[in-house]
Every structure is written in structure tokens, then in C-alpha cells.
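Trainee: sequence unavailable; structure follows:
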């Protein structure tokens, strides 16, 4: 069945440094990938999404490129801020369906 | 922006009791979902619905029922609450731009 894997449970870094969160997926259908961000005690919100192979998509300083050849959709930011501390989920929609499958999430903790 | 409202925001229930979590959306979205969030498991789909008076099972439906009496309302029902159902529950609706909108969540503690 379909699945999403996020390998890092916790990423800790200092403000101003770059970050990359890994996301790989498995599906036999055409994928649509998403990144959601959840700040403490808040609801998850869409950060960015893509179904186009090898095209970079950006939002709020974050960016990701869907690579179907490697089944990956890694999230990156060149310089993290304190406000980027949050839980980040990668999610997959396939088969043209609207039920997302979420990864286990990566907590990002940014220190001054 | 899309509005999804959940009630209650928190709930303490006793083991074996009945719990109903409610969700209301004002966006005219056809698709609605119930997810539960547990540390280390991310968000897991319990039930979803794409039309009033019809619900579908998600990945972890056991122990839960769902009800969609109208396009705007979608409830999650725990007939016999158990300790293992302690979690945060999120309702969400899906628009036609491939975006899922979440409610603020309900923190359920079963004692």
C-alpha cells in the first residue's frame, strides 16, 4: 500500500542555519505530495504542495522539489528562524483520491 | 480562508462511556475527514465522507463510528471509549484546490 517515510524525528539547529527534512514515499499511482506545518497547540496548515516532477515549489522561504525518480519530496530552507520551530508533516495523495497519508512528522527546534 | 470548527476543544471521558466529537464547516466542501494524532504516529485517518448520509472507513476505523447528517456537519462517535483512544482528534475538509483544512483539534483523555 501507499506510505510516507520521514526519517528524522527531531532536528535541532541554530537560527540562521539551513535545514533539510527528508520525505520519501511509496505508491504505484501518480503522486501528489504535501508539506504541512503544525505549531504548538495549533492545527496543521498547508505549507506547500506539488504533483509536478522536477519542479521546485516555494512558500514562506521553504522549498521542495518532487523527484519521481527517487520518490522524494524533501523540504528545505536556507536560513531558519526561531518561528520555524514546529512539527512538519509530509503527506501523500494518490490514485486521484482525497484522503492524505501522513508521515510520522519531524519536529524542528530552532535555538537563538 | 476555510473554516472548520470542532467541539469540544477538550474532553475527559470515562472508560466504557460514549463520546461524540463534532465538526462543522462553512466552506461548502464535499469531503470531510477525521484524523487522530499520537506522538510517533503522525496523523492517521479514521473515517471520511464525500457526501451527506454516507461515510467511509479510513486506515484505523476500529472502535469509531462516523456520521454525516449534512454537508456541513461530521461527527465522530466512540460508543465504548477505551484508554487507547486517548489522543488529539482533528477534523478536516478538502477543497477543490487540493488543500486540506484542519480544525483546531479536540484533546480527548479517557480515564
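Mentor: Good, I have the coordinates. What you see is a predicted model; the values in this text were computed from it and never measured. Numbers count the residues shown, from 1 in each chain, chains lettered A, B, ... in the order given.
Trainee: could you check the pLDDT of the nearest residue to residue B:18 once chain neighbours are set aside?
Mentor: Distances taken as C-beta to C-beta, 6 or more residues apart in numbering or on different chains put residue B:79 closest to residue B:18, at 5.7 Å, once the chain neighbours are dropped. C-betas here are computed from N, CA, C, even on glycine. For residue B:79, the pLDDT comes out at 95.
Trainee: what of residue A:96?
Mentor: So residue A:96 comes in at 56 (pLDDT).
Trainee: now swap in residue B:103 and tell me
Mentor: 94.
Trainee: isn't it up against residue B:88?
Mentor: No: at 10.9 Å, residue B:103 does not count as touching residue B:88 under the criterion of C-beta atoms under 8 Å.
Trainee: those two: which has the busier surroundings?
Mentor: Between residue B:103 and residue B:88, counted using other C-beta atoms under 10 Å in any protein chain shown, residue B:103 has the larger neighbour count: 23 against 17.
Trainee: near chain B, which residues of chain A?
Mentor: Counting by C-beta under 8 Å from any C-beta of the partner chain, chain A comes close to chain B at A:6, A:9, A:32, A:34, A:36, A:42-46, A:49, A:51, A:89, A:91, A:93, A:98-105.
Trainee: what subset of those is buried?
Mentor: A:6, A:32, A:34, A:36, A:43-44, A:46, A:49, A:51, A:89, A:91, A:93, A:98-105 (16 or more other C-beta atoms under 10 Å in any protein chain shown).
Trainee: return the subset of these lying in strands.
Mentor: Among those, DSSP state E puts A:32, A:34, A:36, A:46, A:49, A:89, A:91, A:93, A:101, A:102 in strands.
Trainee: ok now do the first one, which residues does it touch?
Mentor: Right, the one you point to is residue A:32. Residue A:32 sits next to A:49, A:50, A:51, A:92, A:93, A:94, B:98 when contact means C-beta atoms under 8 Å, 6 or more residues apart in numbering or on different chains.
Trainee: now do the same for the fifth one: its pLDDT.
Mentor: Listed pLDDT for residue A:93 reads 88.
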